[in-house]
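**Q** Predicted model follows, preceded by the sequence.
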Amino acid sequence: MKEYVVIYEQGEHNWGAIVPDLPGCASIGDTLEQVQENVKEAIEIYLEELQERGEPVPESRHHISNVVVAA
């Protein structure tokens, strides 16, 4: 099992997701729930293609946290 950071962004009409450790791995969906499902599938396909080509599967190098500031 691998775990990767996914960054979600709400657009005007849909949601987007990128996976920083997997260049080019991204997805969209009409809702947050839909993009979460879509990006999981995109990651699985991305990793399968790497394995089929005999390329190494990247380790996660990104970490995420929230920062609280006075506003």
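**A** Received, thanks. Numbers count the residues shown, from 1 in each chain.

**Q** Where do the strands of the protein begin and end?
**A** Assigned by DSSP state E, the chain shows strands spanning 7-10, 15-18, 26-29.

**Q** Quick one: mean pLDDT over stretch 8-28.
**A** In this model, stretch 8-28 has an average pLDDT of 97.

**Q** Name the residues of it that come out as buried.
**A** 15-19, 21-22, 25-28 (16 or more other Cβ atoms under 10 Å). For the C-beta atoms, the positions are set from N, CA and C on the backbone; glycine is no exception.

**Q** what's the straight distance from one end of it to the other?
**A** Across stretch 8-28, the terminal residues are separated by 9 Å (Cα to Cα, to the nearest Å).

**Q** who touches that stretch?
**A** With contact meaning Cβ atoms under 8 Å, 6 or more residues apart in numbering, stretch 8-28 is reached by 4-7, 29-32, 34-36, 38-39, 41-43, 46-47, 58-62.

**Q** Many thanks, have a good one.
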